[in-house]
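In: Fold the following for me, if possible:
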Amino acid sequence: MKQKIGTLIDEEVIKLAKRRALDEGRPLNDLIQDALMSYLNRSIPDPHVRDAAYRFFCERPIRLSSAQFEQVLEEDLWES
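Out: You can find the predicted model right below:
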């Protein structure tokens, strides 16, 4: 059973969603429902793993050799 809800969504997001629904030839509500289900079906990160990653990457300096540091500086992120 479907239920009507009321919510506020940014005008630009609505424009993009309407355009996508039109391009795909389906109703806007189907597109929104599919997007919400996709989001809800993603796994939630384990809080312990997330906290460990935070501690590892954010609570201590990253130790790089001079060569590694130079490599990072020279890498072209726009190239792909």
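In: pLDDT of stretch 1-14, averaged?
Out: The pLDDT scores in stretch 1-14 average 93.
In: Let's see the pLDDT reported for residue 20.
Out: pLDDT for residue 20: 97.
In: In which helix or strand does the residue nearest to residue 9 when sequence neighbours are not counted reside?
Out: Of all residues not flanking residue 9 in the chain, residue 17 sits nearest, at 7.9 Å (CB to CB, 6 or more residues apart in numbering). Placement of C-beta: from N, CA and C, glycine included. Per DSSP states H and E: residue 17 is located in helix 11-24.
In: what does the helix or strand following that helix rub up against?
Out: Following helix 11-24 in sequence order, the next helix or strand is helix 28-40 (DSSP H and E). The set of residues external to helix 28-40 that reach it, using CB atoms under 8 Å, 6 or more residues apart in numbering, is 17-18, 20-21, 24.
In: burial of residue 39, as a residue count?
Out: By the criterion of other CB atoms under 10 Å, residue 39 has 8 neighbours.
In: Then residue 32?
Out: Counted with other CB under 10 Å, the neighbours of residue 32 add up to 15.
In: so what pLDDT did it get?
Out: According to the model, residue 32 scores 96 on pLDDT.
In: what's the closest of the contacts of helix 28-40 to residue 68?
Out: Nearest to residue 68 among the contacts of helix 28-40 is residue 20, at 41.5 Å by CB to CB.
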